[in-house]
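[1] sequence? don't have it. structure:
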């Protein structure tokens, strides 16, 4: 593996099978090419927000007050090295994730190890500051794939959506469907289409030359994933399905979560007064 700086803000990483570019400002992989096909449109990057649900009466208020959806990543430093003996390239990125005007943050270190045609990403983080959110909507990576990646195949719970507190109706197995079939279409657009306790997931399509496969190493309980053609903030803005379709994008937006907040049942429970 070879790493070379190109210009002031880009690294090029190449192996015999694959090539990547890395954005030094955003602190994330910018492109991933195998042969003539560019797999990625953007990412992966650390993200912590999801579109709210009808049940997010209590947790959702805290997320709004703590400006969780406006928390952005700010790159502090990026270092890189090549291990010729192991045939790998490593990039380490130090970032601060925080909203603009509040006192809390997540200090993260993300390490990328490139070899052959794969990337191993390891993230550590520490909450800092005052008035931290009581919970987070989710904790994971978000990336976007080229439009040609129209299908998802996974081993885990399915075929329908599942969350940590809404999963027992979904059985373990190997499932496959199009991206548009992953999530139900609720009358009021909101968080949907998550799949919990996933062991691995693969994305490809009839017109793709390669597939992208993701799994979490040393995590026997699995991970959560979701994929759609809608940005989180656009789902939150839409009040009806027809409005949501206006925001549809060509690329496939993929979430890979180490943890995801449960759905709860507050919208069905006892009414509350303040």
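    Nice, thanks for sending it over. Not measured: the values here are computed from a predicted model.

[2] a strand runs through residue 218, doesn't it?
    No - counting by DSSP: H, G, I helix; E, B strand; the rest coil, residue 218 is not part of a strand but coil.

[3] what's the lowest-mean-pLDDT helix or strand in the chain packed up against?
    Within the chain, no helix or strand scores below strand 37-38, which has a mean of 86 by mean pLDDT, DSSP states H and E. Packed against strand 37-38, as judged by 3 or more CB pairs under 8 Å, 6 or more residues apart in numbering; DSSP states H and E, are no other helices or strands. In this view, the C-beta of every residue, glycine as well, is placed from N, C-alpha and C.

[4] how far is it from where the chain is centred?
    Mean C-alpha position of strand 37-38 versus that of the full chain (CA atoms, centre = their mean, to the nearest Å) differs by 20 Å.

[5] likewise stretch 138-152?
    Centroid separation for stretch 138-152 versus its chain: 7 Å, with CA atoms, centre = their mean.

[6] so how far is the first residue of it from its last?
    21 Å (CA to CA, to the nearest Å).

[7] The least confident helix or strand of the chain: partners in the sheet, and parallel or antiparallel?
    The strands beside strand 37-38 in its sheet (DSSP bridges) come out as strand 28-34 (antiparallel).

[8] got a list of contacts for the partner strand?
    Residues from elsewhere that reach strand 28-34, judged by CB atoms under 8 Å, 6 or more residues apart in numbering: 10, 17-23, 38-40, 42-45, 93, 112, 117, 119, 209-210.

[9] from those, which ones fall inside strands?
    Within the contacts of strand 28-34, residues falling in strands by DSSP state E are 10, 19-23, 38, 40, 42-45, 93, 112, 119.

[10] Can you say which of the residues you listed are buried?
    19-23, 40, 42-45, 93, 112, 119 (16 or more other CB atoms under 10 Å).

[11] Among those residues, which has the minimum pLDDT value?
    Lowest pLDDT within these is found at residue 43 (87).

[12] Next one: it from residue 73, what distance?
    Note on residue 43: its distance to residue 73, by CB to CB, to the nearest Å, is 11 Å.

[13] Contacts for the strand or helix carrying residue 97 next, please.
    Here residue 97, judged by DSSP states H and E, is contained in strand 88-98. For strand 88-98, contacts defined as CB under 8 Å, 6+ apart pick out 1-3, 11, 13, 22, 27-28, 46, 48, 71-83, 104-115, 125, 129.

[14] Please repeat the previous calculation with a cut-off of 6 Å.
    Outside strand 88-98, the residues that touch it by CB atoms under 6 Å, 6 or more residues apart in numbering are 1, 3, 13, 22, 27, 71, 73-82, 105-115.

[15] swap in stretch 36-53?
    So stretch 36-53 is contacted by 28, 31-32, 60, 68-69, 108, 136-139, 141-144, 190-191, 209, 212, 232, 235-236, 251, 263 (CB under 6 Å, 6+ apart).

[16] dump the residue contacts of residue 14.
    Taking CB under 6 Å, 6+ apart as the test, what residue 14 contacts is residue 2.

[17] in stretch 189-207, what counts as buried?
    Buried-residue list, stretch 189-207, by 16+ other CB under 10 Å: 189-205.

[18] For it, measure first residue to last.
    OK, stretch 189-207 end separation, CA to CA: 30 Å.

[19] Quick one: mean pLDDT over that stretch.
    The model assigns stretch 189-207 a mean pLDDT of 96.

[20] can you give me how far it is from the chain middle?
    The gap between the average C-alpha position of stretch 189-207 and the chain average comes to 11 Å, counting by CA atoms, centre = their mean.

[21] and the angle from the strand holding residue 97 to strand 19-23?
    30 degrees (axes from the mean of the first three to the mean of the last three CA atoms, to 10 degrees).

[22] just to revisit the earlier point, show me just the buried residues among the contacts of strand 88-98.
    1, 3, 13, 22, 27, 71, 73, 75, 78, 80, 82, 105-108, 110, 112-115.

[23] where in this protein is pLDDT low?
    269-274 (pLDDT under 70).

[24] And for residue 127, the neighbour number?
    12 (other CB atoms under 10 Å).

[25] Also residue 257?
    Neighbours of residue 257 using other CB under 10 Å come to 24.

[26] The residue nearest to the spatial centre of the chain and residue 46, how far apart?
    Nearest to the geometric centre of the chain sits residue 142, at 2.4 Å (CA atoms, centre = their mean). Using CB to CB, one gets 8 Å for the distance from residue 142 to residue 46.
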